[in-house]
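K.L.:
for reference, the sequence and a predicted model appear below.
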2 protein chains.
Amino acid sequence: MNLRDLEYLVAISRLGSMARASVYCSVSQSTLSIQIKKLEEELGAALFERRSRRVTPTRTGARVIERCERILHEVRGIREIAKSESDPLSGDLRLGAFPTLAPYWFPRIIPLVKERFPKLRLQLVEEKTGQLLEGLAAGAIDCAVLAMPVEQRGFEHRRLFAEPFYLAVPRDHALARKRGGKVDTARLSGENLLLLEEGHCMRGQALQFCASRGISSEGSYMASSLETLRNMVAAGQGLTLIPKIAASPAAATGIRYLSFSDSQPRREIGLFWRTSTSRRELFVGLAKAMADRRIYS
Amino acid sequence: MNLRDLEYLVAISRLGSMARASVYCSVSQSTLSIQIKKLEEELGAALFERRSRRVTPTRTGARVIERCERILHEVRGIREIAKSESDPLSGDLRLGAFPTLAPYWFPRIIPLVKERFPKLRLQLVEEKTGQLLEGLAAGAIDCAVLAMPVEQRGFEHRRLFAEPFYLAVPRDHALARKRGGKVDTARLSGENLLLLEEGHCMRGQALQFCASRGISSEGSYMASSLETLRNMVAAGQGLTLIPKIAASPAAATGIRYLSFSDSQPRREIGLFWRTSTSRRELFVGLAKAMADRRIYS
DNA sequence: TAAAAATACTCCATAGGTATTTTAT
DNA sequence: ATAAAATACCTATGGAGTATTTTTA
């Protein structure tokens, strides 16, 4: 059996004649005659009654042809799907980002994607880096915005931007009074740096920052979000690092954000996808658009 | 595109590997690789992502494979239909009969068919001969019980039985008093023979009977059924012919049925089907069973 | 290095064509 | 006599095989 055979069946049934159907199918009459005969032999049942002026389906044939029509409809559906998604800039796109970036960054790139890739249906996924990598590897996510570097193999990426961390201090803290809003890391010894809980990539970055500068990070409490950290700082529990994108003035109640007068800690952000993807072209384009766009308003 | 290709798609998707799917499909790995590539080219879309350890469907591929599974399910359905109906003694059978036979004969052959052709689903159609011939020719009816001869070409038949006509007379009629329940056609001149309306094959038979024996048949009223004719006879409106099968004692209220002492009028009944049918075997068998069965209890 | 897919080539089964015969009206 | 399907015979496309190369972890 063969999809073409099914088309023959339907055509013969519709036109009531093998000769006419052969014209419709652009094959010879003998081809139809032979193919139908073969199919009947394969199925072990007569599908058509050959009459003098016309060919009519048998009862069995009629039931078979009904199904053929459904099948051919599904096949047309397959071609439609392929056609509509053959444009690499269309279709569903599941984009992941980690929690200390996602809520601040997603709102800014949604309009960008809408404008530059209007046929893309964007689905946003906020997960910690570990989950994102799993999802990416499993194919549940198409691409993800991650802090670099990423150890796991099998991914390709484009760098999007580097983002500085600010030091968040209580408004009434001694450091907050430094003019210029800058602080020297040497001044931080003895301060308590508040950290996010395990699993957040930013926790690692903060720990690295502490380690490289001999700062204590024996946080008695671990926050599960930047917002909690911010509240803790405002409540005078300690200091913390806040990525620039999350340090909007509107969220500065009771807090001052200081940059560093010596070396600025930062995170490098990239867009990652599976090396094996068939949508590489799209992802490269996306990354380019995302890198071009000014993130900080 | 090709049904086999669709099976390949599904197998690869299920097994996550072309090599494993090739074993499952009993073809070589290269065959799958090539066929899938061709299909992807034909559709203009990537269906699988080739990764180092496994092959996974792309978004498009997943949607296509969904449809493939439906299609393959329908195809299995086609094979099922063919298998279940490949037994010529099974399936639906639309059997027609004309109105002066159908209501008396159908009840007697239903048990016969049930017993001898248990897998046959019998559908009974009662129509006048003209309609039956049309339905038969159009394929709406598979076979029909008709009074012979049938002029129209394209049909084959087997004779089932010959059925005598009785003369129905009012119980108090002079003819009813003849001993032995027999009547000579010579005694019928001057009697009024009641007829069925146009379209009933039995009307033609009755007219022929009248013509061949010089009997008047200027019926002022034409009945639409044997039951009406019977009522009219009982009411003393005239005489009529009644086929033996319809002349049960239970239906004899106020009526006597007489046979003829000279030549007995009769109708010959046969089972007819299209010459082009693919179920000839079944119809011949059916006719044989019907002819064997004693009709009159 | 190993495991998988892709490629190169060869072969042949079969869909398809043309010409002709058979069948049924 | 005509119109349609079936058949005979030939061609060629493309599905499938084996052997090998490429790719990626």
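P.N.:
Received the coordinates, thanks.
K.L.:
pLDDT on the helix or strand that contains A:Thr60, on average?
P.N.:
Using DSSP states H and E, A:Thr60 sits in helix A:59-86. For helix A:59-86, mean pLDDT is 91.
K.L.:
and it with helix B:59-86, angle?
P.N.:
In terms of direction (axes from the mean of the first three to the mean of the last three C-alpha atoms, to 10 degrees), helix A:59-86 departs from helix B:59-86 by 180 degrees.
K.L.:
ok, helix A:59-86 near chain B or not?
P.N.:
Yes - for helix A:59-86 and chain B, the contact criterion (C-beta under 8 Å from any C-beta of the partner chain) is met by A:59-60, A:63-64, A:67-68, A:70-71, A:74-75, A:77-79, A:81-83, A:85-86. From N, CA and C alone the C-beta is placed, and that goes for glycine too.
K.L.:
and the next helix or strand after that helix, what's buried?
P.N.:
Next along the chain after helix A:59-86, taking DSSP H and E as the criterion, comes strand A:91-97. By neighbour count, with 16 or more other C-beta atoms under 10 Å in any protein chain shown as the criterion, the buried positions of strand A:91-97 are A:91, A:93-97.
K.L.:
which residues are contacting the helix or strand that comes right after strand A:91-97?
P.N.:
Sequence order places helix A:102-116 as the next helix or strand after strand A:91-97, per DSSP H and E. With contact meaning C-beta atoms under 8 Å, 6 or more residues apart in numbering or on different chains, helix A:102-116 is reached by A:93, A:97, A:120, A:122, A:124, A:126, A:145, A:243, A:245-246, A:286, A:289-290, A:293, A:295, A:297.
K.L.:
what subset of those residues is buried?
P.N.:
Buried, going by 16+ other C-beta under 10 Å: A:93, A:97, A:120, A:145, A:243, A:245-246, A:286, A:289-290, A:295, out of the contacts of helix A:102-116.
K.L.:
any chance of those in JSON lines, with pLDDT and secondary structure too?
P.N.:
Converted to JSON lines, the buried ones among the contacts of helix A:102-116 look like this (pLDDT from 0 to 100; DSSP: H, G, I helix; E, B strand; the rest coil):
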{"residue": "A:Leu93", "pLDDT": "93", "secondary structure": "strand"}
{"residue": "A:Ala97", "pLDDT": "96", "secondary structure": "strand"}
{"residue": "A:Leu120", "pLDDT": "93", "secondary structure": "strand"}
{"residue": "A:Val145", "pLDDT": "96", "secondary structure": "strand"}
{"residue": "A:Pro243", "pLDDT": "94", "secondary structure": "strand"}
{"residue": "A:Ile245", "pLDDT": "91", "secondary structure": "helix"}
{"residue": "A:Ala246", "pLDDT": "90", "secondary structure": "helix"}
{"residue": "A:Leu286", "pLDDT": "94", "secondary structure": "helix"}
{"residue": "A:Ala289", "pLDDT": "94", "secondary structure": "helix"}
{"residue": "A:Met290", "pLDDT": "94", "secondary structure": "helix"}
{"residue": "A:Ile295", "pLDDT": "70", "secondary structure": "coil"}
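K.L.:
partners of A:Pro243 in the sheet?
P.N.:
Beta-bridge pairing of A:Pro243 under DSSP bridges involves A:Phe165.
K.L.:
that one and A:Pro99 touch, don't they?
P.N.:
No - using C-beta atoms under 8 Å, A:Pro243 is not in contact with A:Pro99; the gap is 11.4 Å.
K.L.:
what's the burial count for A:Ser212?
P.N.:
11 (other C-beta atoms under 10 Å in any protein chain shown).
K.L.:
scratch that, A:Gly238 is what I was asking about
P.N.:
The burial count for A:Gly238: 22, using other C-beta under 10 Å.
K.L.:
that one contacts A:Leu229, correct?
P.N.:
No - the criterion here is C-beta under 8 Å, and A:Gly238 misses it with A:Leu229 at 9.2 Å.
K.L.:
who touches both of those two?
P.N.:
A:Leu194.
K.L.:
measure the closest residue to A:Lys178 other than its chain neighbours to DNA strand C for me?
P.N.:
Nearest residue to A:Lys178 in three dimensions, chain neighbours excluded: A:Leu258, at 7.1 Å (C-beta to C-beta, 6 or more residues apart in numbering or on different chains). Here A:Leu258 is placed at a distance of 51 Å from DNA strand C (C-beta to the nearest atom of the strand, to the nearest Å).
K.L.:
equivalent analysis for A:Ile71, please.
P.N.:
Separation of A:Ile71 from DNA strand C (C-beta to the nearest atom of the strand): 17 Å.
K.L.:
do the same with A:Lys119
P.N.:
Using C-beta to the nearest atom of the strand, A:Lys119 is found at 27 Å from DNA strand C.
K.L.:
neighbours of that residue, how many?
P.N.:
The number of residues near A:Lys119, taken as other C-beta under 10 Å, comes to 10.
K.L.:
you'd agree it is up against A:Leu93?
P.N.:
No - between A:Lys119 and A:Leu93 there is no contact, the gap being 10.1 Å when judged by C-beta under 8 Å.
K.L.:
list the beta-bridge partners for A:Arg267.
P.N.:
Here A:Arg267 sits in beta bridges with A:Glu163, going by DSSP bridges.
K.L.:
that one contacts A:Leu241, doesn't it?
P.N.:
No - A:Arg267 lies out of contact with A:Leu241 (C-beta under 8 Å); the separation is 9.6 Å.
K.L.:
in the buried residues of strand A:91-97, find the pair that's most separated.
P.N.:
For those, the farthest-apart pair by C-beta to C-beta is A:Gly91 and A:Ala97; their separation is 19.5 Å.
K.L.:
for A:Gln205, which non-adjacent residue is closest in space?
P.N.:
A:Arg267 (5.5 Å).
K.L.:
same check, this time on A:Ala19
P.N.:
A:Gln29 (4.9 Å).
K.L.:
what sits against the one you found?
P.N.:
For A:Gln29, the contact set (C-beta under 8 Å, 6+ apart) comprises A:18-19, A:22.
K.L.:
residues in contact with A:Trp201?
P.N.:
Trp isn't right for residue A:201; it's Cys. Counting by C-beta under 8 Å, 6+ apart, A:Cys201 touches A:98, A:100, A:128-129, A:146-147, A:267.
K.L.:
7 Å instead?
P.N.:
A:98, A:129, A:147 (C-beta atoms under 7 Å, 6 or more residues apart in numbering or on different chains).
K.L.:
repeat that for A:Gly135.
P.N.:
A:96, A:125, A:127, A:141.
K.L.:
A:Phe161 is in contact with A:Ile295, correct?
P.N.:
Yes - assessed by C-beta atoms under 7 Å, A:Ile295 is found in contact with A:Phe161 at 6.1 Å.
K.L.:
what residues of the helix or strand containing A:Ser259 count as buried?
P.N.:
Following DSSP H and E, one finds A:Ser259 within strand A:255-260. When burial is assessed from 16+ other C-beta under 10 Å, strand A:255-260 yields the following buried residues: A:255-260.
K.L.:
what would those residues look like in TSV with pLDDT and distance to B:Met222?
P.N.:
Below are the buried residues of strand A:255-260 laid out as TSV (pLDDT from 0 to 100; distance: C-beta to C-beta, whole Å):
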residue	pLDDT	distance to B:Met222
A:Ile255	89	107
A:Arg256	88	111
A:Tyr257	89	107
A:Leu258	88	113
A:Ser259	88	111
A:Phe260	87	114
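K.L.:
ok, of these, which one's closest to B:Ser278?
P.N.:
Using C-beta to C-beta, those come closest to B:Ser278 at A:Tyr257, 86.5 Å.
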